[in-house]
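In: show me the folded form of this:
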Amino acid sequence: MGEFTMPSLGADMDEGTLVEWLVEPGAPIRRGDPVAVVETAKSTIEVECFESGTMGRPLVEPGTTVPVGTPLALIETAAGTRGKAGRARKPRKEPQGPPAPERTRPAEPAEPVRTREPVALEAPGHGHVEAGPLIRHLAEEGGVDLAALRGSGPGGRVTRADIERAAAAAPTARASTARAPRARVTPLARRRAAELGVDLSSVAGTGKDAAIRAEDVSRAASGHAGAPSPPPRTTAAVRASRPSEDQAPAMRRAIARLMSRANRDVPHYYLSTTVDMAVPMDWLHDRNRRSPMSERLLPAALLLKAAALAAHEVPELNGFWTDDRFTAGEGVHLGVAVSLRGGGLIAPVLRGADTLEVPALMSALKDLVSRARTGRLRGSEVSGATLTVTNLGDQGVETVFGVVHPPQVALVGFGRVVDRPWAVDGLLGVRPVVTVTLSADHRATDGAVGARYLTAVDRLLQNPEKL
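Out: Residues are numbered from 1 along each chain as shown. Down below sits the predicted model:
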């Protein structure tokens, strides 16, 4: 048995609010599956499970705010061990000693071992049938009528083998009555649909495998002209449907706390350089002319790839300052600052950015920005950045000096690509240039290291075909 706990989704997160469960008790889950939606001060995040097994008993109801590390639900695993955040914990070794004398005790009838309380179903002709939540789920998927089965397990309990035999016994009958598979519906979405009078068959799901989420129901309800007046919604429901509006004040407070701590505790130094963008822009224009509209690149893709590769070359700026020492990051994971429509910002993570081809990086960037602004990021996408990049070129800004996001030790800023007078080989002309800045933690590095990094960014951008 494992525990699914409230995760830490950033150095500035102390607590979170459980907004919605994405799976029901008894449903099978795999490592990496999103199982809950959690609201932090900055965003609404889909949180993944770190253990495969069966969703067990929820310990926290939607709408509840709890500290980081609080158990939210139980996860039933094959190993049967219990650990934090869905990770199994090794059994504790008992002190060694002389063997205890063997005791005799009267024999007792064997009892079936159950991880959850089964449900008794009345079966015509042979009493009741016992079936656990996982078995009910398998029966529903296979189109098997549990009430018509005689369980072969202890005490007449229906087993997985019973379900598989029943499903294989009547393929023709199932084919004749086959219907389109029902869309998955999260528990909160089902309750919201009942509250708002929404027909779930008419709702398009936006969750994993087209699962219907609470926000899908809310959107569908807003388009029902004749829908009945809904009853007052819970706090969690309001937050789920209007995350940016309700979270703005909390987000500003969270940003204020983090930036105040960064300015107080991190001794910053700042460097900047101006990069001639004529070669990369010519390469970009030529490539885009030969590519379909959906595959065209923006200058941001080249800038981010150069920033990632330079961090790989200068690893002293790619990592964390913790316990009064620097720890290099395992891989280059870029946190990309994204402004939110309701105000504030968030920095989702492009993992392994130095290993991505430029088109793949561009695609991943567009996907992250889109989901960051609609509150559909996952927990693994908002933590673990080794270096943050902010690009305000699309806002018309030419130079940006950012604040280091602790425990990271550096932040890279890109401005707008602008045409400026520029001398090349003694001749003055007009060329596109961009200002690149570096804000860094003086405890971890000095200006010479920062200068090496900016020089690497410049050199990499002059060879765009090698990015």
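In: all contacts plus neighbour counts: C-alpha atoms, from now on.
Out: Will do.
In: helices along the stretch 1-150 of the chain, start to end?
Out: Taking DSSP state H, counting those that start in this stretch as the test, the helices found in the stretch 1-150 of the chain are 133-142.
In: ok, R373 touching G344?
Out: No. Using CA atoms under 8 Å, R373 is not in contact with G344; the gap is 10.7 Å.
In: next, the buried residues of stretch 342-351.
Out: Neighbour-count burial for stretch 342-351, counted by 16 or more other CA atoms under 10 Å, picks out G344, L345, I346, A347, P348, V349, L350, R351.
In: so which of those is the closest to P359?
Out: Of all these, P359 sits closest to L350, with 13.4 Å by CA to CA.
In: give me the nearest residue to that closest one, chain neighbours excluded.
Out: L334 (5.1 Å; CA to CA, 6 or more residues apart in numbering).
In: now that neighbour: phi and psi?
Out: phi -80, psi 120 (degrees, to the nearest 10).
In: partner residues bridging it?
Out: L350, L387 (DSSP bridges).
In: separation between it and T17?
Out: Note on L334: its distance to T17, by CA to CA, to the nearest Å, is 26 Å.
In: between the two, which one's more packed in?
Out: L334 (27 against 23; other CA atoms under 10 Å).
In: so what's the more buried one scoring on pLDDT?
Out: pLDDT recorded at L334 is 97.
In: OK, contacts around it?
Out: By CA atoms under 8 Å, 6 or more residues apart in numbering, the residues touching L334 are A308, V349, L350, R351, G352, A353, A385, T386, L387, T388, V389.
In: how about those residues, which pair is most distant?
Out: G352 and V389 (14.1 Å).
In: of those two, who's got more company?
Out: Neighbour tally, G352 and V389, criterion other CA under 10 Å: the higher count belongs to V389, 23 against 15.
In: go ahead and confirm that one touches G415.
Out: No. V389 lies out of contact with G415 (CA under 8 Å); the separation is 11.1 Å.
In: so what sits against both of these two?
Out: With CA under 8 Å, 6+ apart, V389 and G415 have no common neighbours.
In: for this protein, longest helix please?
Out: Ranked by residue count, the top helix of the chain under DSSP state H comes out as helix 243-265.
In: distance from it to the middle of the chain?
Out: Distance, stretch centre to chain centre, for helix 243-265: 20 Å (CA atoms, centre = their mean, to the nearest Å).
In: counting contacts, what elements does the helix or strand just after it pack onto?
Out: Downstream of helix 243-265, the next assigned helix or strand under DSSP states H and E is strand 268-276. Packing partners of strand 268-276 (3 or more CA pairs under 8 Å, 6 or more residues apart in numbering; DSSP states H and E): strand 427-441, helix 447-461.
In: which parts of strand 268-276 are buried?
Out: Buried residues in strand 268-276, defined by neighbour count with 16+ other CA under 10 Å: H268, Y269, Y270, S272, V275, D276.
In: now do stretch 445-464
Out: T445, V449, G450, Y453, L454, A456, V457, D458, L460, L461, Q462, P464.
In: distance from stretch 336-354 to the middle of the chain?
Out: Between the centre of stretch 336-354 and the centre of its chain there are 13 Å (CA atoms, centre = their mean).
In: with stretch 360-368 instead?
Out: Using CA atoms, centre = their mean, the offset of stretch 360-368 from its chain centre is 15 Å.
In: list the buried residues of that stretch.
Out: Across stretch 360-368, burial judged by 16+ other CA under 10 Å covers L361, M362, A364, L365, L368.
In: those residues in helices, which ones?
Out: Cross-referencing the buried residues of stretch 360-368 against helices under DSSP H gives L361, M362, A364, L365, L368.
In: closest to D199 out of these?
Out: For those, the minimum distance to D199 (CA to CA) is 30.9 Å, reached by L368.
In: quick one on the thing from earlier: including pLDDT and distance to F320, could the buried residues of stretch 342-351 go into JSON lines?
Out: Converted to JSON lines, these look like this (pLDDT from 0 to 100; distance: CA to CA, whole Å):
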{"residue": "G344", "pLDDT": "82", "distance to F320": "24"}
{"residue": "L345", "pLDDT": "87", "distance to F320": "21"}
{"residue": "I346", "pLDDT": "91", "distance to F320": "19"}
{"residue": "A347", "pLDDT": "93", "distance to F320": "16"}
{"residue": "P348", "pLDDT": "94", "distance to F320": "17"}
{"residue": "V349", "pLDDT": "96", "distance to F320": "15"}
{"residue": "L350", "pLDDT": "97", "distance to F320": "17"}
{"residue": "R351", "pLDDT": "96", "distance to F320": "16"}
